[in-house]
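Q: 3D, please:
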Amino acid sequence: MSIAAPGGPRFVRDAAWQHLLDQVSLGVRAPGTEGHAACARLFEDRLAEIAARSGAVGEPWRQSWQQEFRGEQITLTNVLVTIEGRRGASSGGPAPTTLLGSHYDARWQADNEDDPRLVAAPIPAANDGGSGTACLLELARAFGEEPPDGDVVLAFFDGEDLGGIDDLPYAVGSRWFVEHGLDWGDGIADRLAVDRVIALDMIGGRGAKLNIEGNSLVHSEEARALFQRLFRTGREAGRAAFFGGKERWIYSDHGPFLDAGMPALCLIDIDYPQWHTQRDLPAACAPEPIAEVGQTLLEVLRQS
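A: Got it, this is the predicted structure:
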């Protein structure tokens, strides 16, 4: 099943849902585990398949670095891909370049569990780690068929949920991106390639209601206008995820971009009842809100 406006690009709901299920099937995806490494490979493989079918989608590449965590060195990896827009930088057009980002790492501990035996284990991360990245994979396919107006960078960020463990900050991977820009792995970084940022986090909870996220609204007029446009588009189409969300102030993968003075916003449902628990499973999620967010992004970014 797909969700689409008449005559517009299609976001295939069931394909995005399968991407979420496939991530969870890898098992524990906390940084430093085999499931975590396998998840990065999964993104690369699926993005490479899309690139082989579409000239608009580039080959995926990695930003990898070493991070000290619990007395050991672990490898963190951002997976990135660029999508050429109809009026993007290569065409000399004025359309802005948008980064769409979401983290894929699973949190190493379930802070919101009451039972200490459950707190110590990594969370399943179906929503908090799986839903936003599932949305990005389906957006890559859809944009490959009908490109956006401006260029788009899809960023599968690592290390967002290391925050509060070993005194680490949240959003480690997106902070790395801000510091290194579009690092192509050869020491060359195009730090001016991104004009605005949309982060996705926990968009797949059953009955999700996207928050009115304060940081997205106050740091820049551009981010505020884009946030309002996304909500207006979603609401005019009657998409339930865009109605009824509470006002919250949240620091997710948009935070490091805001700290650097860039226009950035976050689409998130922080009121997901299974947040940072062992109950963050596919049964607590649903394909509909992922599709509602994805289709809204398709429609807005096809018009800059």
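
Q: packing partners for the host helix or strand of W176?
A: Using DSSP states H and E, W176 falls within helix 172-180. In terms of contacts (3 or more C-beta pairs under 8 Å, 6 or more residues apart in numbering; DSSP states H and E), helix 172-180 is packed against strand 61-69, strand 72-83, strand 98-103, strand 152-157, helix 255-259. Using the backbone N, CA and C atoms, a C-beta is placed for each residue, glycine as well.

Q: Taking strand 72-83 as reference, get the angle to that helix.
A: Put simply, helix 172-180 runs at 70 degrees to strand 72-83, going by axes from the mean of the first three to the mean of the last three C-alpha atoms, to 10 degrees.

Q: and helix 172-180, how far from the chain's centre?
A: Its chain's average C-alpha position is 14 Å from that of helix 172-180, according to C-alpha atoms, centre = their mean, to the nearest Å.

Q: So what touches that helix?
A: With contact meaning C-beta atoms under 8 Å, 6 or more residues apart in numbering, helix 172-180 is reached by 63, 65, 67, 76, 78, 101, 103, 105, 155, 157-160, 162-163, 169, 189, 199, 253-257, 259-260, 262.

Q: For that helix, what does the pLDDT average out to?
A: The average pLDDT for helix 172-180 rounds to 93.

Q: in it, what's buried?
A: 172-178 (16 or more other C-beta atoms under 10 Å).

Q: ditto for stretch 45-60
A: For stretch 45-60, by 16+ other C-beta under 10 Å, it's 46-47, 50-51, 54, 56-58, 60.

Q: and the two most separated of these?
A: R46 and A56 (15.8 Å; C-beta to C-beta).

Q: Can you show me the strands along this structure?
A: 2-3, 11-12, 61-69, 72-83, 98-103, 152-157, 182-183, 189-190, 196-201, 212-213, 247-248, 264-268 (DSSP state E).

Q: Run me through the strand neighbours of the third one, direction for each.
A: I take that to be strand 61-69. strand 72-83 (antiparallel) (DSSP bridges).

Q: about what we covered before: so among the contacts of helix 172-180, which ones count as buried?
A: Buried members of those, counted by 16+ other C-beta under 10 Å: 63, 65, 67, 76, 78, 101, 103, 105, 155, 157-160, 162-163, 189, 199, 253-257, 262.

Q: Point out where the stretch 101-250 of the chain drops to low pLDDT.
A: Residue ranges of the stretch 101-250 of the chain with pLDDT under 70: 182-192.

Q: who's in contact with the spatially most central residue of the chain?
A: Nearest to the mean C-alpha position of the chain, by C-alpha atoms, centre = their mean, lies S102 at 1.8 Å. S102 is in contact with 131-133, 135-136, 155-157, 199-201, 253, counting by C-beta under 8 Å, 6+ apart.

Q: and which of those residues is nearest G207?
A: Comparing these against G207 with C-beta to C-beta places S131 closest, at 13.2 Å.

Q: Would you agree that closest one is in contact with L20?
A: Yes. The pair S131 and L20 qualifies as a contact (C-beta atoms under 8 Å) at a distance of 5.9 Å.

Q: Common neighbours of those two, please.
A: Common contacts of S131 and L20 (C-beta under 8 Å, 6+ apart): 204, 285, 290.

Q: just to revisit the earlier point, save the buried residues of stretch 45-60 as a markdown table, and put in pLDDT too.
A: What follows is those, written out as a markdown table (pLDDT from 0 to 100):
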| residue | pLDDT |
| --- | --- |
| R46 | 98 |
| L47 | 98 |
| I50 | 97 |
| A51 | 96 |
| S54 | 90 |
| A56 | 90 |
| V57 | 93 |
| G58 | 92 |
| P60 | 96 |
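
Q: mind putting those residues in TSV, distance to G244 included?
A: Shown next, in TSV, are these (distance: C-beta to C-beta, whole Å):
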residue	distance to G244
R46	33
L47	34
I50	34
A51	38
S54	36
A56	36
V57	35
G58	38
P60	36
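
Q: Just to be sure, which of those residues are found in helices?
A: 46-47, 50-51 (DSSP state H).

Q: any chance of the residues you listed in a markdown table, plus distance to E222?
A: Shown next, in a markdown table, are those (distance: C-beta to C-beta, whole Å):
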| residue | distance to E222 |
| --- | --- |
| R46 | 31 |
| L47 | 28 |
| I50 | 29 |
| A51 | 30 |
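
Q: And the residue nearest to Y170 when sequence neighbours are not counted, how close does it get to V119?
A: Spatial nearest neighbour of Y170, chain neighbours left out: G163 (3.0 Å); criterion: C-beta to C-beta, 6 or more residues apart in numbering. Counting by C-beta to C-beta, to the nearest Å, the gap from G163 to V119 is 16 Å.

Q: Next: H36.
A: 20 Å.

Q: out of these two, which sits in the more crowded spot?
A: Using other C-beta atoms under 10 Å as the criterion, H36 and V119 rank with H36 on top: 24 against 15.
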